[in-house]
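J.: Below are the sequence and a predicted model for it; my questions follow.
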Amino acid sequence: MKTFHLILLFSIIFTSCDCNQRVLGTVIDKKTRKPLEGISVYNKNKRWNVTNTDSTGKFILSNVSGGFRCPPMTVIIEDSSYNYFETKIPSGKGKIIELTKKDSLNQFVKQIMDSGKYGVYADWSNFIEIKFINNEQFELVNQQTIGSQGVFIMEGKWKVKEGDIVLYKIKIIEKSLKVDIPKQWRIINDELCPIDTTNSDLNYCLKPVRND
């Protein structure tokens, strides 16, 4: 009888470890402020867990996740007419998501060409910077100052293709540091993020840094 009670207790404990995630949101056009119907919304960790926004732009996603506390759900919003958007929504909470038309990407890139550059410190020893010099040229610098020291510099051309920034006609200027840089990037939440980082050493987004 005692053994049965122990088994029952452990069953209850392990069952209670599962949490039922439920997030909701409203998707609108950033410029017009109108709700967007039929936009694809899915759980990044379970791409089969997908839904579409209704006529008022609203959506609900549910998921069973392990753990005593329900973690935020990473949600991806995609549509052929709008830029890719990724965000985290706490379980049981809602969020208003503003999408920008893909044409806005060209305007965004044009805006940063002369006035700024993308750059971020990955950690204390690794610095990487992409600078868009003009409407077709770029320069990328990756410098390691601690441990396996070296510098990787490449330059070439860039273009906007299907909502993404593509680097091409690349020329390696210096390669004392071995590194594999993605050729395709995407603007996500105003940050420049590499796409398909399977064989890449760079798997984090770069924050915009303005030149005054």
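T.: Done, it's in.

J.: quick one: low-confidence parts of this structure?
T.: The chain contains residues with pLDDT under 70 at 1-18, 66-68, 103-126, 145-148, 197-201, 209-212.

J.: if we go to 80?
T.: By pLDDT under 80, the low-scoring segments of the chain are 1-18, 64-69, 102-127, 133-136, 143-149, 161-163, 177-179, 187-191, 196-204, 207-212.

J.: Would you map the helices across it?
T.: 2-16, 103-115 (DSSP state H).

J.: for the closest residue to Asn49 other than its chain neighbours, what are its contacts?
T.: Nearest residue to Asn49 in three dimensions, chain neighbours excluded: Asn43, at 4.1 Å (Cβ to Cβ, 6 or more residues apart in numbering). Glycine gets a C-beta too; all of them are placed from N, C-alpha and C. Asn43 is in contact with Asn49, Val50, Leu61, Asn63, Met73, Thr74, Val75, Ile76, counting by Cβ atoms under 8 Å, 6 or more residues apart in numbering.

J.: rerun that using 7 Å as the cut-off
T.: Asn49, Leu61, Asn63, Met73, Val75 (Cβ atoms under 7 Å, 6 or more residues apart in numbering).

J.: quick one: the third one and Lys46 touch, right?
T.: Read it as Asn63. Yes. Using Cβ atoms under 7 Å, Asn63 is in contact with Lys46, at 6.4 Å.

J.: Looking at the two now, which is surrounded by more residues?
T.: Asn63 (16 against 13; other Cβ atoms under 10 Å).
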